[in-house]
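> Predicted model and sequence below, questions to follow.
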Amino acid sequence: MRPVSLLTPDPAESAPPPRRRLFDNPRLIGIVVFILVALLVVLFLAAPSTEQLRPEFISDVVRYALSPIVLLMLAALAFVLARNILKLWVERRRALPFARFRAKLVAALLAMTIIPSVLVLIIGSEMITSSAQRWFSTPAEELVTGANEIAQIVYTDRANVAVARAQRLASTLAADAVAAGDLAALQPLLASEVA
């Protein structure tokens, strides 16, 4: 046995208490929850009274604010699933008791996550397909055809104006002045037509 000295402190007494992790603090969690609830209440109360903010703007802000949260939750879910599958594999290799029961639990967890995800994927792709069909349906083609007809009318009108102006210039210009290249004689006629 080691001799105990009265001058040296007991190592068990001098060690600082173990530090709690940040999210193990109930006060901090309560404050964060309170701030989030207060923010939601403020948004809920302020949304109808603001006339500058459109509902689409508010929904876009909420969607973009929730996107990182959803991605973090998906990453956490993937981590938990991977950890459970790895633990299950190790337990099966060691032939631990209740390994088959745990395998069934993990399979149920996978089914509860994969089946809704696949359903959301199928429904989302169907919605995108129906939206694309609506965008490129007959009325949209009619709109494009009508716009092309209007553009063709404008181009034809501009061409007719240019031809009429060229004919007017050709009738007013003297052939000998054009052939001689006399710019002094042509300048007043061209200036009045161009302006």
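Done, it's in. Keep in mind it's a predicted model, so treat the numbers as computed, not measured.

> drop to CA atoms for contacts and neighbour counts, all remaining ones
Will do.

> Do you have the helices of the chain handy? List them.
Defined through DSSP state H, the helices belonging to the chain, from first to last, are 11-14, 26-49, 55-94, 99-135, 138-172, 175-180, 183-194.

> could you redo these as TSV and give each row mean neighbour count and mean pLDDT?
Formatted as TSV, the helices of the chain follow (neighbours: other Cα atoms under 10 Å; pLDDT from 0 to 100):
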stretch	mean neighbour count	mean pLDDT
helix 11-14	8	59
helix 26-49	12	82
helix 55-94	13	79
helix 99-135	13	80
helix 138-172	12	87
helix 175-180	10	74
helix 183-194	11	72
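
> and stretch 156-163, C-alpha only, in CSV?
Coordinates of the C-alpha atoms in stretch 156-163 are reproduced here as CSV (Å, rounded to 0.1, in the frame of the first residue of the first chain):
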residue,chain,number,x,y,z
THR,A,156,-43.3,40.6,-93.1
ASP,A,157,-44.5,44.1,-92.2
ARG,A,158,-41.0,45.3,-91.6
ALA,A,159,-39.9,43.8,-94.9
ASN,A,160,-42.8,45.6,-96.7
VAL,A,161,-41.8,48.9,-95.1
ALA,A,162,-38.2,48.4,-96.2
VAL,A,163,-39.2,47.6,-99.8
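
> pretty sure residue 84 is touching residue 107, no?
No: at 10.1 Å, residue 84 and residue 107 do not qualify as touching, with contact defined as Cα atoms under 8 Å.

> Quick check: the residue nearest in space to the middle of the chain vs residue 131, distance?
Within the chain, the residue whose C-alpha comes closest to the C-alpha centroid is residue 64; the distance, by Cα atoms, centre = their mean, is 7.0 Å. Summarising the geometry, the distance separating residue 64 from residue 131, computed by Cα to Cα, to the nearest Å, is 22 Å.

> Same question for residue 150.
Per Cα to Cα, residue 150 is found 27 Å from residue 131.

> distance of residue 37 from residue 46?
Residue 37 is 14 Å from residue 46, by Cα to Cα.

> Since that was my last question, I'll sign off now.
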